[in-house]
Structure formats: C-alpha cells, structure tokens
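1. Next input, structure requested:
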Amino acid sequence: MKITNETKVGALTAIAITLLILGFNFLKGKSLLKTGNFLYAKYTDAKGLMISNPVYANGFQIGSIYDIENEDENLKNIIVTIKLKSSYNIPTSSVASINSNPLGTSSIEINLGKDEAFLHQGDTIKTINSEGIMGEVKAALIPVTDQLKHTMHSLDTVLLNINTIFDPNTKNNLQQVIANLNKTTANLTESSISLQSMLDKQSGAITQSMNNINSFTKNLADNNDKITHTLDNLQTTTNNLSKTDIQGSIAELKKSVQTLNSVLDKINSGKGSLGLLMNDKTLYNNLTNTVRSANILIDDLKTHPKRYVNISVFGKKDKSTPLTAPLNDSANKK
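-> Predicted coordinates for the structure are as follows:
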C-alpha cells in the first residue's frame, strides 16, 4: 500500500503538535505521566500562586508547584500539588506557608518540624495562612503607633506644664507683643491706603501711566498710514533685493578674482612680457641703457646742433668730440 504525501504531512503535523504540547508542559514542570514525589497542601487563599512557582525549605528549593485546583465550587479550599525534585525526608510536623511577594514571584516555604516520622508520597502537609509582607509591615507598625501615642501624651503633659509656668510678667510681655502686632497691622492698613491712592482712577500714578500708554497707542493709530507706507517701501526694497541675481554677481566676482590670481601667478612666474619685465634683470638693464643713450643723444643734439642740422650754406661744420655721458640736468631727470 502506497502512503500519499497528504497522509505523511498530516502525520508529521500531529507528531509536531504532540511534541509542542509535551515541551510546553515540560517547561511548566509537568510531564505526560504524573511521576515523581508529590505532596499536597490545602489553603483557603492561594495569594497569587501559579504553576511552576518554587517551593523552599530552609531557603533551598526542593521542588515546584505542579498543579493548583479548587476542592469544590465554592472555592473555600484550594489544593496545591507540590512536586519534589527528589525524595526528601520531610517531618510530619512540618508546616507549609505561602510567601506572597507583590514585587516578585510568590512561593511556598516549608518550615521543617522535629518529628522523626516523615511524610510519604501523596501525603498532605500541614498549612498555615501567613499574613505576608503587608502583615509583617502592619505588625512592625503597631509598636511605632504605640510609641507615637505615648509621645503625644508626653507632649500634652509638657504643654500643661508650660501653662502653669506663665507668671503675670510673662502674660504682660505677651500683651505687649500683641500690642506691637496691632501697630504692625495699623501700618499695613496705612500702606493699603497708599496703594489705594496709587490705584485711584483720577489721580493715581498707575492711571497716569495707563493714560500715557493710551496716548502712545493713539499716536501709533494716527500714523498708521505712514507706518504702513514705510513697511510697504521696506517690503518693496526687500523684494527687489530678493530678485537681484546676487549669486550670479558673486560667481562673476569669483571668476574675476580667479583671472586676476592667474595673471599675478604668471607675472610672479616670469611668463609673458610683463612677467619678464618684472623678473628679468637683463631686460631692465637694457631699458636703462636705452634711456641713458637717448639722454646722451638729446644732450649732444642740444650741445652740438650743427653736427646734426647745418642750415648755413657757408657755415663751418662742427667737428667737436661727441658726448659720452649725459649732462647733469639730463642725468638728474632720469
């Protein structure tokens, strides 16, 4: 017989569900078969106990809560099943109480007895309803309350003694203190009158200040058109500035600065005519010699004009020695 794929998938699904249930119960401290050492405890108030909560004896965890169920429909008795980790010798006179913890997990604490007889598998341990943390707090506050009552009684006695200590002189002093208080009250009354005068609707300082404020606001209202016109002009100017191609101008300025930097770099590097003129000493010396020669020629022309221009038919040609250096006046002009 051939098994179909659907049958295989269904079988695997059933097995997976079964394993999931068994694993979940295992994590909760339960097993499929109820095996192990079990004890039972009966309470009228479970105080928040849950399955898997720990069970302690002398501060050592000896087991956990396996199950919680009610004995009847009235919930008067709640039966707690305790599963022990191992076979422990728990005396029959031992008592199990619930430790409720509002900030943590509730647990069961077994106070071991001193009997030589021990509980067996399936026995019911004795229980006691402890008051928990709040009960302990209440028990701790009772002595404090009694002490507070005693303190209040002592304070009452002290006050009675103080009343008996007051003599006539002390009473007179108290009367003077009261009189001073009356004077202080009178001064406060005068201060109140002064304050009332400040608040007077006709001549009060506050009224005058309010009148000044009203006058200022009236002036603003009268000049509202001028203020509006000024704001319109300001808005127009702002719109014109916003429409201006500031970014383009800045870009052109950056481009011009870059071009100028490029020209200066060429001049500094000695490229081009201007760069050679700024950096080449030979060109500078040649220009200096050329200017000097021109000055000599001009001075020689001034000194010996007949050597260059002879308009006399019968004149005699100037045969003097030409100048080799510029005159002092030409040299100073250089």
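2. helix or strand for residue 65, which one?
-> strand 60-70 (DSSP states H and E).
3. partners of the very next helix or strand once past that strand in the sheet?
-> Downstream of strand 60-70, the first helix or strand assigned by DSSP H and E is strand 78-84. Strand 78-84 pairs in its sheet with strand 37-43 (antiparallel), strand 60-70 (antiparallel), by DSSP bridges.
4. okay if I get these as TSV plus distance to residue 192, mean neighbour count and mean pLDDT?
-> Every C-beta, even on glycine, is put in place using the N, C-alpha and C of the backbone. Shown next, in TSV, are the strands paired with strand 78-84 (distance: least, CB to CB, whole Å; neighbours: other CB atoms under 10 Å; pLDDT from 0 to 100):
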stretch	distance to residue 192	mean neighbour count	mean pLDDT
strand 37-43	71	19	90
strand 60-70	74	16	89
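5. Dump the ones you listed to a markdown table, plus distance to residue 225.
-> Converted to a markdown table, the strands paired with strand 78-84 look like this (distance: least, CB to CB, whole Å):
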| stretch | distance to residue 225 |
| --- | --- |
| strand 37-43 | 90 |
| strand 60-70 | 88 |
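6. follow-up on the earlier one: residues contacting the strand holding residue 65, please?
-> Counting contacts by CB atoms under 8 Å, 6 or more residues apart in numbering, the residues outside strand 60-70 that touch it are 29-30, 37-38, 46, 49-56, 77-86, 88, 108, 110.
7. Please name every helix or strand in contact with whichever strand or helix holds residue 257.
-> In this assignment (DSSP H and E), residue 257 forms part of helix 246-269. On a contact count with 3 or more CB pairs under 8 Å, 6 or more residues apart in numbering; DSSP states H and E, helix 246-269 meets helix 272-279.
8. returning to that earlier point: export the helix holding residue 257 as PDB, just CAs?
-> Taking C-alpha atoms only, helix 246-269 is exported to PDB below (Å, rounded to 0.1, in the frame of the first residue of the first chain):
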ATOM      1  CA  ILE A 246      23.300  88.000  -6.100                       C
ATOM      2  CA  GLN A 247      24.600  84.500  -6.700                       C
ATOM      3  CA  GLY A 248      25.400  85.400 -10.300                       C
ATOM      4  CA  SER A 249      27.300  88.600  -9.200                       C
ATOM      5  CA  ILE A 250      29.200  86.600  -6.600                       C
ATOM      6  CA  ALA A 251      30.000  84.000  -9.300                       C
ATOM      7  CA  GLU A 252      31.300  86.700 -11.700                       C
ATOM      8  CA  LEU A 253      33.300  88.300  -8.900                       C
ATOM      9  CA  LYS A 254      34.900  84.900  -8.000                       C
ATOM     10  CA  LYS A 255      35.700  84.400 -11.700                       C
ATOM     11  CA  SER A 256      37.300  87.800 -11.900                       C
ATOM     12  CA  VAL A 257      39.300  87.100  -8.800                       C
ATOM     13  CA  GLN A 258      40.500  83.800 -10.200                       C
ATOM     14  CA  THR A 259      41.500  85.500 -13.500                       C
ATOM     15  CA  LEU A 260      43.400  88.200 -11.500                       C
ATOM     16  CA  ASN A 261      45.100  85.500  -9.500                       C
ATOM     17  CA  SER A 262      46.100  83.700 -12.700                       C
ATOM     18  CA  VAL A 263      47.600  86.900 -14.200                       C
ATOM     19  CA  LEU A 264      49.500  87.500 -10.900                       C
ATOM     20  CA  ASP A 265      50.800  83.900 -10.900                       C
ATOM     21  CA  LYS A 266      52.100  84.400 -14.500                       C
ATOM     22  CA  ILE A 267      53.700  87.700 -13.600                       C
ATOM     23  CA  ASN A 268      55.400  86.100 -10.500                       C
ATOM     24  CA  SER A 269      56.500  83.100 -12.500                       C
END
